[in-house]
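Colleague: this is the structure alone, sequence omitted:
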């Protein structure tokens with residue numbers, strides 16, 4: 001899945017218009033920044049379904065939108 005597909009999916013889950021290009025681009029940039037900030041292994045685990053991960057000594061949780 002590329003960043004734009006992921007951004008569109010996230011916007012749909014939030015009930016927003018995923019066809020509006022400025023919102024889609026903005027969300028894709030935010031996702032890319034998040035991926036750059038976090039280690040790839042954390043991102044891979046979250047995408048695989050993990051809901052809890054450790055980052056810089058802190059336990060963080062991630063829940064998928066329904």
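Modeller: Thanks, I have it. For clarity, every value in this text was computed on a predicted model and none was experimentally measured. Residues are numbered from 1 along each chain as shown.
Colleague: look up phi and psi at residue 19.
Modeller: phi -90, psi -10 (degrees, to the nearest 10).
Colleague: what about residue 17, distance to residue 37?
Modeller: Look at residue 17 and residue 37: by Cβ to Cβ, to the nearest Å, they are 27 Å apart. Backbone N, C-alpha and C define where each C-beta goes, glycine included.
Colleague: got a pLDDT number for residue 28?
Modeller: The model reports residue 28 with a pLDDT of 90.
Colleague: pull out the buried positions in the helix or strand containing it.
Modeller: According to DSSP states H and E, residue 28 maps onto helix 21-37. For helix 21-37, a neighbour-count test (16 or more other Cβ atoms under 10 Å) marks 24, 27, 28, 31 as buried.
Colleague: show me the contact partners of that helix.
Modeller: Residues from elsewhere that reach helix 21-37, judged by Cβ atoms under 8 Å, 6 or more residues apart in numbering: 3, 4, 6, 7, 8, 10, 11, 16, 17, 18, 43.
Colleague: please redo it, this time with the cut-off set to 6 Å
Modeller: Helix 21-37 is contacted from outside by 3, 4, 6, 7, 8, 11, 43, using Cβ atoms under 6 Å, 6 or more residues apart in numbering.
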